[in-house]
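1. next comes the sequence, and after it the predicted model I'd like to discuss.
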Amino acid sequence: MISDDKTGRPDQPKKPPVVTARRAGWFALNVFVPASEVSQVFRYTGRSAGRLWQRLRDITAGRGAGDYRPDSWAQAVADTGLPSSRLRRNLRVNLSIWWGLMWLTGLPAVGFLVMLLSAAHDVSVNGWLRIGIVLLVLGLISATGFVQALGVTYRLWQLDERRVSASEKGSFRDFLNETRWCRRILSAGLLS
């Protein structure tokens, strides 16, 4: 017999591929199982995203079930069930925690960024990616601390100024207009 390939082996009749139950099962598992999992993920995230979107619309419209708008400062403090001194103490503790989180993650992020920029030519692409991810995570945690500290500082301002309702000029917009809010947050209320 004459050989077609370069190995010198004689021609062998080509066998058609045999579809066994094992191969069919492997194919089914690798195609249909991930497809069903993906569809379940889409269904779950679709419902969750829809609920989240509805909650955001309710909150921004100010008409949710948790929409609480007291008529006066005294009513708001009475509704907490705590005296104003205890409420102030609790808010100061919360502010300290969020302020610490903000600075304990923000300062290392700035330090890493300075080190990265000073050694930019010595860092590989993989290193840039890794350090970039660490900077992103630290920056997001620090931003979370800042935003939470902003909310607590606003509540402390309402408590100190004895204003909570729009008629008393105790809204968040009034807080932003009347105070140096960024300075106040960065210093944990030590500099007003």
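-> Done, it's in. Numbers count the residues shown, from 1 in each chain.
2. so which strand or helix has the residue nearest the centre of the chain?
-> For the chain, the residue nearest the mean C-alpha position is L140 (7.1 Å; Cα atoms, centre = their mean). Using DSSP states H and E, L140 falls within helix 125-161.
3. what mean pLDDT does that helix get?
-> Averaged across helix 125-161, the pLDDT comes to 89.
4. counting contacts, what elements does that helix pack onto?
-> Judged by 3 or more Cβ pairs under 8 Å, 6 or more residues apart in numbering; DSSP states H and E, the packing partners of helix 125-161 are helix 73-80, helix 84-118, helix 172-178, helix 181-186. For the C-beta atoms, the positions are set from N, CA and C on the backbone; glycine is no exception.
5. residues in contact with the first one?
-> Residues lying outside helix 73-80 but in contact with it, judged by Cβ atoms under 8 Å, 6 or more residues apart in numbering, are 68, 70, 83-84, 87, 158-159, 162-165, 168, 170.
6. CA-only coordinates of it in CSV, if you can.
-> The C-alpha coordinates for helix 73-80 follow below in CSV (Å, rounded to 0.1, in the frame of the first residue of the first chain):
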residue,chain,number,x,y,z
TRP,A,73,-36.5,69.3,66.7
ALA,A,74,-38.1,68.3,70.0
GLN,A,75,-40.3,65.8,68.3
ALA,A,76,-37.4,64.3,66.4
VAL,A,77,-35.3,63.9,69.6
ALA,A,78,-38.3,62.5,71.5
ASP,A,79,-38.9,59.9,68.7
THR,A,80,-35.4,58.5,69.1
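7. just want the angle from it to helix 84-118.
-> For helix 73-80 against helix 84-118, the angle by axes from the mean of the first three to the mean of the last three Cα atoms, to 10 degrees is 90 degrees.
8. buried residues in helix 73-80, which are they?
-> Applying a neighbour-count criterion of 16 or more other Cβ atoms under 10 Å, one finds W73, A76, V77 buried in helix 73-80.
9. and of these, the nearest to L116?
-> Checking the buried residues of helix 73-80 against L116 by Cβ to Cβ gives A76 as the nearest, at 46.7 Å.
10. and that closest one, how far is that from E168?
-> A76 is 10 Å from E168, where distance means Cβ to Cβ, to the nearest Å.
11. same question, I185
-> On the measure of Cβ to Cβ, I185 and E168 end up 23 Å apart.
12. who's more crowded, the two?
-> Per other Cβ atoms under 10 Å, whichever of I185 and E168 has more neighbours is I185, with 24 against 17.
13. residue contacts, G106?
-> Neighbouring residues of G106 by Cβ under 8 Å, 6+ apart: L138, G139, S142, G145, F146.
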